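Asker: here's my sequence, what's the structure:
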Amino acid sequence: QDINAYNGEQPEEKLPFPIIADANRELAVKLGMLDPDERDKDGMPLTARVVFVFGPDKKLKLSILYPATTGRNFDEILRVVDSLQLTAYKKVATPVDWKPGDSVMVVPTLPDEEAKKLFPKGVFTKDLPSGKKYLRYTPQP
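Answerer: Numbers count the residues shown, from 1 in each chain. Okay, here's the model as predicted:
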């Protein structure tokens, strides 16, 4: 109920997402979710703010460990999930600070001829001092 109230919602009995109770911190210890610096009044390490994202293949795709004193950035988490979903099915990668709708990078293992067929909106390269054309971009498919 506190979580819903904090978010400005009516307190309900059930949340729309699962929460795992870990009163003895057994799971937190096993998963490395304890802040090495922050401690509670009894000297116990505080649990850190951890995010794990698993793909459809049940493999860990992302883990972020925030210190106990720092809240999570849900905009960043959603951005990463969007990137993971896009890059799982298209032969692209998302560059630094990418946001949905921005241009994406064509993976370097994709031959130019295949890239032209896969990305009909075009492929363009970044001009680099070396003259190499390995940074290829395309509008987000």
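
Asker: please identify the buried residues of stretch 44-53?
Answerer: Neighbour-count burial for stretch 44-53, counted by 16 or more other CB atoms under 10 Å, picks out 45-50. All C-beta atoms are positioned from the backbone trio N, CA, C, and that covers glycine.

Asker: next, count neighbours for Lys133.
Answerer: 13 (other CB atoms under 10 Å).

Asker: isn't it right next to Phe124, touching?
Answerer: No. Under the criterion of CB atoms under 8 Å, Lys133 is not in contact with Phe124, lying 9.6 Å apart.

Asker: related to what we said a few turns ago, ok, so of the buried residues of stretch 44-53, who is nearest Leu86?
Answerer: Checking the buried residues of stretch 44-53 against Leu86 with CB to CB, the nearest one is Val50 at 24.0 Å.

Asker: isn't there a strand covering that closest one?
Answerer: Yes. Judged by DSSP: H, G, I helix; E, B strand; the rest coil, Val50 forms part of a strand.

Asker: just give the nearest non-adjacent residue to it, would you?
Answerer: Met33 (4.6 Å; CB to CB, 6 or more residues apart in numbering).

Asker: and the one you found, how far from Gln140?
Answerer: 34 Å (CB to CB, to the nearest Å).

Asker: same thing with Asp40?
Answerer: Taking CB to CB, one finds Asp40 at 45 Å from Gln140.

Asker: likewise for Leu46?
Answerer: Separation of Leu46 from Gln140 (CB to CB) stands at 39 Å.

Asker: hmm, Val51 is touching Ile77, no?
Answerer: Yes. Look at Val51 against Ile77 with CB under 8 Å: they come within range, at 5.8 Å.

Asker: mind listing the shared neighbours of the two?
Answerer: Each of Ile64 lies in contact with both Val51 and Ile77 under the rule CB atoms under 8 Å, 6 or more residues apart in numbering.

Asker: ok, which stretches of this protein are helices?
Answerer: 2-6, 26-30, 74-89, 112-118 (DSSP state H).

Asker: what does the last one contact?
Answerer: Contacts of helix 112-118 from elsewhere in the structure, counted by CB under 8 Å, 6+ apart, are 90-91, 106, 110, 123, 136, 138, 141.

Asker: nothing else from me, thank you.
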